[in-house]
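>>> my questions concern the predicted model and sequence given below.
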Number of protein chains: 2
Amino acid sequence: MSATIIDGKSFAEGLRGRIATAVEAMKANGVHPGLAVVLVGNDPASEVYVGSKARQTVEVGMRSFEHRLPADVSQQELEALVARLNADPEVDGILVQLPLPAGLDAEPVIAAIHPDKDVDGLTHANAGRLANGAVGLVPCTPLGSMMLIRSVLPDLSGKEAVVVGRSNLVGKPIAQLLLAANATVTVAHSRTRDLPEVCRRADVLVAAVGRPEMIRGDYIKPGAVVIDVGINRIPAPERGEGKTRLVGDVAFQEAKEIAGAITPVPGGVGPMTIACLLANTLTAASLRRGLTPPTF
Amino acid sequence: MSATIIDGKSFAEGLRGRIATAVEAMKANGVHPGLAVVLVGNDPASEVYVGSKARQTVEVGMRSFEHRLPADVSQQELEALVARLNADPEVDGILVQLPLPAGLDAEPVIAAIHPDKDVDGLTHANAGRLANGAVGLVPCTPLGSMMLIRSVLPDLSGKEAVVVGRSNLVGKPIAQLLLAANATVTVAHSRTRDLPEVCRRADVLVAAVGRPEMIRGDYIKPGAVVIDVGINRIPAPERGEGKTRLVGDVAFQEAKEIAGAITPVPGGVGPMTIACLLANTLTAASLRRGLTPPTF
C-alpha cells in the first residue's frame, strides 16, 4: 500500500488563509502586524527568498519592511539596524536573512534581536523558552513540521518519535516539540551506531540531516509518519546535461511504499517555512501586546 | 557479577579539592569568587541545605553571602534583592533557595537573575545556551550526573542513552548534555508506552522521575551504567515504628546485579549537587571576567 502524501503546499495555503483572517481581526482592533526583513549583500538565492517572504507577508495583510545593506556594511552598522528595529513599535518581527556575507559574524547579530521579535526563534532566549516549556517563538521549520505531523496524527502521546539530525535550527527544536506533545523522543545523528535499527522504532520519523536520500525504505517502520526536512540539489543527467533536481533526506520512492504518510520534496516541509514565519509574526504581535496569540 | 558502585561522595570530595585549587589560582590573580544564597522563610530542610552550601563554599576558599528574608517578604522586595545582587561586583553566583513560601512566585524571581550569575542554570537564557551548544551555566544535578557517567564511561560517542523523566531541572538538561557528548539520546516519561523495553536499550540509563524504585532490575541492559537521580523517603517499619529511609528511582538491590556501574542512594548523585554549584560559581566568576573557566 502506498503512503498518504502530505501536501505541504496545500496545507501552507490553508494556513496563510487562517493567518489572513487573524490579521483582519487584529487590524479591526487597531493592531497592524509588521515584519522587518534584513538582507545584507545580493546573494541571488537570498534575494529570491526575501522577495517571497515580502510578497507573502503583504498577501496575508501584514506590513513588510525590507532593509537592504551592502555586503561591505560593518558589523556595528548591522547591529545598530537591529537595535533600531527592536525599538520600532511598528515592527513585530525581525528576520535577518542568513547566511551573512563573509566578514560578518551572524552570532552577535542574532543575539542582538529582541527575543520577543525573534520570529526565526534563533536566540538562546527562545531556545530556552522552548526547552523549559514557556511561551516563546519557535523556529519556523520545526513548527511547520509539527503542523504536518499533527495533520495526519493528531495525538502523539506515547508514540515513538525519532529525529535524525541535531541542528539548533531543526533537529533539537523539533525534538522539544515532539516531547512536549508527549511522544517518547530519540535524537539520532552521525555518531549513532545502528541508524537503520533506531529509525525502525519510529512511529514518527523526522529526517533533518542534509544528506540526499540517506534514509532508505528499509529504515522505515510500516505505517510510520515520515517528515523529510532535507532539501538537497543533486545532478539529474536524465533531464539533460548539467541539469539538477531536488531530493530530500529520504529515498522517497522506496519510503512511500512502506510509510503510512510522508512529505514529498519539494512540496512538503519547504512551503511551510514562510507560512510559519508569518504565523510567528502574528504570535509576536500578540505577545508584545499581552494578547493571547491565535492558534493555527 | 555485581556492578561497580559509583561513589558520588568520594567523587564530590575530589571535585571540591580541584575547585579549591582553582580558587587559590584565581585569588592569586586578584579574583575572589563569591556565591550569594537567598533564603526566604525558615523551612527546616531549606535551612539545612543552605547551611551546607555556605559551609562548603567557604571550605573551598570562596566567599559566601547569605541573605535571609522573612516568609512574608513581598515579591517586589525579593526581586529588588536579586537586582542588587546582579549589580554587586563581589557576587559571582546567585542562588535563590526553592521552594519559596506560599504567596511568592518563583518564576519572575528566577527570570530576574542575571544569566551570567545564574549558578543553578534555571533561567531560559541558560537553558537556551545549553540547547544551542553555547557556553553557559548548566543545572547542578545534570552536571554532576554527567561527571559520574564520564568517571566510568569516558567516551559516550554512539552509546544509547535513555533518560527517564523530562523535568526542566534534570531530565531535559541531562538529555542535552548526553547529546552534546555524541550519545544517541531517548527521553522517556510517564506517557512512554513500553518503559521497560525502552530502558533495556540503554547503555546509559538515567532515572529522574521521583518515584521510589520504579526502575526494576529487568529494565536494565546487562552492563549498563545506571544513574539514579531520585531521592525518595519511604516508610521503613523494619527500623522501628515511624522510621523512614531514602531510596532512589531504581530498585538498587535488583539493579546492581545486572548493571555494569550504578550510583547508590544516598551517596551517589546527591553529594555532587553542591559540589557542582561551587564549580558553577567558579565558571561564572571566570566567564564574567572573560577568562576561560577551569574544567573539572
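Cool, the structure landed.

>>> now do the contacts for the spatially most central residue of chain A.
Residue closest to the average C-alpha location in chain A (Cα atoms, centre = their mean): residue A:141, at 1.4 Å. Going by Cβ atoms under 8 Å, 6 or more residues apart in numbering or on different chains, residue A:141 touches A:169-170, A:174, A:229, A:269, A:272-273, A:276. Using the backbone N, CA and C atoms, a C-beta is placed for each residue, glycine as well.

>>> list buried residues within these.
With neighbours counted by 16 or more other Cβ atoms under 10 Å in any protein chain shown, the contacts of residue A:141 contain buried members at A:169-170, A:174, A:229, A:269, A:272-273, A:276.

>>> farthest pair within these?
A:169 and A:272 (14.2 Å; Cβ to Cβ).

>>> buried stuff in stretch A:76-96?
A:78-79, A:81-82, A:85-86, A:91-96.

>>> the helix or strand residue A:64 falls within - what's its average pLDDT?
Counting by DSSP states H and E, the element that carries residue A:64 is strand A:63-69. Here strand A:63-69 scores 97 as its mean pLDDT.

>>> buried residues in it?
So strand A:63-69, judged by 16+ other Cβ under 10 Å, has buried residues A:64-65, A:67, A:69.

>>> can you check stretch A:256-273 too?
A:256, A:258-265, A:267-273.

>>> using PDB, write out every CA atom in that stretch.
Output of stretch A:256-273 as PDB, limited to C-alpha atoms (Å, rounded to 0.1, in the frame of the first residue of the first chain):
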ATOM      1  CA  LYS A 256       6.300   5.800   0.200                       C
ATOM      2  CA  GLU A 257       5.700   2.100  -0.200                       C
ATOM      3  CA  ILE A 258       6.300   1.500   3.500                       C
ATOM      4  CA  ALA A 259       5.300   4.600   5.300                       C
ATOM      5  CA  GLY A 260       1.800   5.400   6.300                       C
ATOM      6  CA  ALA A 261       2.200   9.100   5.400                       C
ATOM      7  CA  ILE A 262       5.200  11.000   4.000                       C
ATOM      8  CA  THR A 263       6.100  14.500   2.900                       C
ATOM      9  CA  PRO A 264       7.500  14.900  -0.600                       C
ATOM     10  CA  VAL A 265      10.400  17.100  -1.600                       C
ATOM     11  CA  PRO A 266       9.700  19.600  -2.900                       C
ATOM     12  CA  GLY A 267       6.200  20.400  -1.700                       C
ATOM     13  CA  GLY A 268       6.300  19.100   1.800                       C
ATOM     14  CA  VAL A 269       8.000  20.900   4.700                       C
ATOM     15  CA  GLY A 270       9.500  23.600   2.400                       C
ATOM     16  CA  PRO A 271       6.300  25.600   1.700                       C
ATOM     17  CA  MET A 272       5.500  25.600   5.400                       C
ATOM     18  CA  THR A 273       8.500  27.600   6.400                       C
END
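
>>> show me how far that stretch is from its chain's centre.
14 Å (Cα atoms, centre = their mean, to the nearest Å).

>>> quick one: the strands in chain A, in order.
A:4-5, A:34-40, A:63-69, A:93-96, A:160-164, A:184-188, A:204-207, A:225-228, A:232-235, A:244-247, A:261-262 (DSSP state E).

>>> to chain B, which of the ones you listed lies closest?
Closest of those to chain B is strand A:184-188, at 4.2 Å (criterion: Cβ to the nearest Cβ).

>>> show me what contacts the residue lying closest to residue A:251 once chain neighbours are set aside?
In this structure, residue A:251 finds its nearest non-sequential neighbour in residue A:213, 4.2 Å apart by Cβ to Cβ, 6 or more residues apart in numbering or on different chains. Listed by Cβ under 8 Å, 6+ apart, the contact partners of residue A:213 are A:232, A:247-252.

>>> return the member of those residues nearest to chain B.
residue A:249 (17.3 Å).

>>> near that closest one, how many residues? Count them for me, please.
Here the number of neighbours of residue A:249 (other Cβ atoms under 10 Å in any protein chain shown) works out to 25.

>>> pretty sure it is touching residue A:215, no?
Yes. Counting by Cβ atoms under 8 Å, residue A:215 is a contact partner of residue A:249 at 5.7 Å.

>>> what's the overlap in contacts for the two?
Counting by Cβ under 8 Å, 6+ apart, the common neighbours of residue A:249 and residue A:215 are A:164, A:207, A:209, A:228.

>>> who's the first one bridged to?
Residue A:164 has the following beta-bridge partners by DSSP bridges: residue A:188, residue A:207.

>>> what of the last one?
Applying DSSP bridges to residue A:228 yields these beta-bridge partners: residue A:207.

>>> burial count for it?
Neighbourhood size, residue A:228 [other Cβ under 10 Å]: 28.

>>> tell me the contacts of it?
Residue A:228 sits next to A:207, A:215, A:248-250, A:252, A:262-265, A:268-269 when contact means Cβ under 8 Å, 6+ apart.

>>> those in helices, which ones?
Mapping the contacts of residue A:228 onto helices (DSSP state H) picks out residue A:252.

>>> could you dump the contacts of residue A:228 to JSON lines with distance to residue B:193?
As requested, the contacts of residue A:228 are exported to JSON lines (distance: Cβ to Cβ, whole Å):
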{"residue": "A:207", "distance to residue B:193": "23"}
{"residue": "A:215", "distance to residue B:193": "23"}
{"residue": "A:248", "distance to residue B:193": "28"}
{"residue": "A:249", "distance to residue B:193": "26"}
{"residue": "A:250", "distance to residue B:193": "25"}
{"residue": "A:252", "distance to residue B:193": "29"}
{"residue": "A:262", "distance to residue B:193": "23"}
{"residue": "A:263", "distance to residue B:193": "25"}
{"residue": "A:264", "distance to residue B:193": "29"}
{"residue": "A:265", "distance to residue B:193": "30"}
{"residue": "A:268", "distance to residue B:193": "27"}
{"residue": "A:269", "distance to residue B:193": "27"}
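
>>> nearest to residue A:22 among the contacts of residue A:228?
Nearest to residue A:22 among these, with distances taken as Cβ to Cβ, is residue A:269, at 22.3 Å.

>>> shouldn't the closest one be in contact with residue A:144?
Yes. Under the criterion of Cβ under 8 Å, residue A:269 makes contact with residue A:144 at 5.9 Å.

>>> and for these two, which residues touch both?
Residues touching both residue A:269 and residue A:144 (Cβ under 8 Å, 6+ apart): residue A:8.

>>> can you list the residues of the stretch 1-150 of chain A near chain B?
Counting by Cβ under 8 Å from any Cβ of the partner chain, the stretch 1-150 of chain A comes close to chain B at A:123-134, A:136.

>>> recalculate using a threshold of 10 Å.
A:107, A:110-111, A:115, A:122-134, A:136 (Cβ under 10 Å from any Cβ of the partner chain).

>>> of all the buried residues of strand A:63-69, which two lie farthest apart?
That would be A:64 and A:69, which, of these, are the farthest apart (Cβ to Cβ) at 16.6 Å.

>>> tell me where the model's unsure across the stretch 151-296 of chain A.
For the stretch 151-296 of chain A, no stretch is flagged by pLDDT under 70.

>>> close to chain B: what parts of it are there?
A:156-162, A:166-169, A:171-173, A:175-176, A:178-195, A:197-198, A:201, A:203.

>>> now, of the residues you listed, which are buried?
A:156, A:159-162, A:166-169, A:171-173, A:175-176, A:178-179, A:181-189, A:191-192, A:195, A:198, A:201, A:203.
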